[in-house]
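Visitor: Structure for the following, please:
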Amino acid sequence: MVFGFRNFIIVLAIASCWLPGPAAAQTPGTDSAAGPALELSAGQKQTIYESVSATQKNNPAPPGFRATVGAQVPNTIELQPIPATIATLIPETAGHEVAMVEKEVVLVDRNSKRVVAVVTDQ
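Guide: Numbers count the residues shown, from 1 in each chain. Predicted coordinates:
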């Protein structure tokens, strides 16, 4: 069974080289405390937006908060774990949290509570 699982992991690793959308990468100008920003393809963004906007309530932005990569998320924003289906389809989102703020989907690093991606309805 371990041998089969090992082969499965190898196949996934190889397949990920051909999947659309780059993996997580540091973008210029990103606050280094936020960690790497998530680089997502247009299709990945659409999938995330449609899923999260259908299941989460849209919240107003707290005073002084602007959803930008690197921004610290205030405690008043209720974060939810990224849906398992999204984490499966887009592995680089696994382990992140998400919220819908001012009709934008905000993906947040679980540890630093900083924004790593903002997805809008395009």
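Visitor: now Val118: how far from Ala61?
Guide: 12 Å (CB to CB, to the nearest Å). For the C-beta atoms, the positions are set from N, CA and C on the backbone; glycine is no exception.
Visitor: neighbour-wise, which of those two wins?
Guide: Val118 (18 against 15; other CB atoms under 10 Å).
Visitor: SS state for that one?
Guide: Here Val118 is strand, with the state taken from DSSP: H, G, I helix; E, B strand; the rest coil.
Visitor: what about stretch 51-64, how long is it end to end?
Guide: 27 Å (CA to CA, to the nearest Å).
Visitor: picking that back up, name the residues contacting each of Val118 and Ala61.
Guide: Here Val118 and Ala61 share the contacting residues Ala67, scored by CB atoms under 8 Å, 6 or more residues apart in numbering.
Visitor: doesn't Ala117 make contact with Val104?
Guide: In this structure residue 104 is Glu, not Val. No: applying CB atoms under 8 Å as the test, Glu104 and Ala117 come out as separate, 10.1 Å apart.
Visitor: So for these two, which sits in the more crowded spot?
Guide: Set Glu104 next to Ala117 and count neighbours by other CB under 10 Å: Ala117 wins out with 23 against 18.
Visitor: Okay, that one and Gln80: tell me how far apart.
Guide: Per CB to CB, Ala117 is found 15 Å from Gln80.
Visitor: ditto for Thr47
Guide: Applying CB to CB to Thr47 and Gln80 gives a distance of 17 Å.
Visitor: Compare those two (neighbour count), which wins?
Guide: Using other CB under 10 Å as the criterion, Thr47 and Gln80 rank with Thr47 on top: 18 against 13.
Visitor: tell me which element the closest residue to Pro83 other than its chain neighbours falls in.
Guide: Of all residues not flanking Pro83 in the chain, Ser51 sits nearest, at 5.8 Å (CB to CB, 6 or more residues apart in numbering). Using DSSP states H and E, Ser51 falls within helix 42-55.
Visitor: For that helix, the averaged confidence score.
Guide: When pLDDT is averaged over helix 42-55, the result is 94.
Visitor: Going by contacts, tell me the helices and strands next to the helix or strand following that helix.
Guide: Using DSSP H and E, the helix or strand that follows helix 42-55 towards the C-terminus is strand 80-81. When contacts are defined as 3 or more CB pairs under 8 Å, 6 or more residues apart in numbering; DSSP states H and E, strand 80-81 sits against strand 96-101.
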